[in-house]
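Chemist: The sequence isn't on hand, but the structure is:
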């Protein structure tokens, strides 16, 4: 370093100024490149974090929300509805006689049924709606700004659509699903609404399957949501 300093001091003033200016520009370029690299790394880390968060809320088999994601989304929709006075309807549906599919064709066929059902359901819902796999063969659709009658119409359309599905492992197989419908009450928590919708679904299965039952019809019979 002393030798370099000595060589620099022995250079003409113009050359010394040129070298100093070049070194200053080089340091600025290096600093800019480092800043850009750090920026790209930060963006990549943020994207990875967002992707991991999304995966933690998504069911791997069906690409619908998993139970945690479903409850999180419903909680947010309930809070939004509380502020703007909107209504939220829920549709619970369960594949009829699903255990027989696994017993007869094996679990890969059962997985195929669930993923096919989820895809068909998602295609018929609005962008503002949300679909989640509540557990096993049961799904829940969240319908913001929808009353009970609107939810019943949607559920009937979904029921007809699911009846028309065909499966590669058995082209003759025809499956159905049962549906429960309810409207979230103002100020209630997500678990109370889900419990009420599940009761309506249970009633649909108990009364013969492949049908839509609204919780209000159970209330008329004196059934409690507790």
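Modeler: Thanks, I have it. A quick note: this is a predicted structure, and the numbers were derived from the prediction, not measured. Numbers count the residues shown, from 1 in each chain.
Chemist: Now the residue nearest to the spatial centre of the chain: closest residue in space that isn't a chain neighbour?
Modeler: With distances taken as C-alpha atoms, centre = their mean, residue 65 lies nearest the centre of the chain, 3.6 Å away. Residue nearest to residue 65 in three dimensions, not counting chain neighbours: residue 132, with 3.6 Å by C-beta to C-beta, 6 or more residues apart in numbering. In this view, the C-beta of every residue, glycine as well, is placed from N, C-alpha and C.
Chemist: Quick check: the one you found touching residue 73?
Modeler: Yes - between residue 132 and residue 73 there is a contact under C-beta atoms under 8 Å: 7.1 Å.
Chemist: neighbours around residue 56, how many?
Modeler: 10 (other C-beta atoms under 10 Å).
Chemist: Thought residue 68 was touching it, still the case?
Modeler: Yes - contact between residue 56 and residue 68 holds when scored by C-beta under 8 Å: they sit 7.3 Å apart.
Chemist: For stretch 86-101, list every residue counted as buried.
Modeler: In terms of neighbour count (16 or more other C-beta atoms under 10 Å), stretch 86-101 has its buried residues at 87, 88, 89, 90, 91, 92, 93, 94, 95, 96, 98, 101.
Chemist: typo on my end, stretch 168-186
Modeler: 175, 177, 178, 179, 180, 181, 182, 183, 184.
Chemist: can you map out the strands along the chain?
Modeler: 88-95, 130-135, 138-144, 177-183, 212-214 (DSSP state E).
Chemist: Any stretches of the chain with poor pLDDT?
Modeler: 1-24, 26, 40-55, 222-226 (pLDDT under 70).
Chemist: so can I have TSV of the buried residues of stretch 86-101 showing distance to residue 200?
Modeler: Shown next, in TSV, are those (distance: C-beta to C-beta, whole Å):
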residue	distance to residue 200
87	16
88	15
89	11
90	9
91	9
92	7
93	11
94	11
95	16
96	15
98	19
101	24
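Chemist: Measure how buried residue 205 is and give me the count.
Modeler: Look at residue 205: counted by other C-beta under 10 Å, it has 18 neighbours.
Chemist: Just grab the bridge partners of the residue nearest to it when sequence neighbours are not counted for me.
Modeler: Leaving out its chain neighbours, the residue that sits closest to residue 205 by C-beta to C-beta, 6+ apart is residue 178, at 4.7 Å. Beta-bridge partners for residue 178, by DSSP bridges, are residue 94.
Chemist: isn't residue 178 right up against residue 94?
Modeler: Yes - if you go by C-beta under 8 Å, residue 178 and residue 94 touch, sitting 5.4 Å apart.
Chemist: Give me the common contacts of these two.
Modeler: 201, 205 (C-beta atoms under 8 Å, 6 or more residues apart in numbering).
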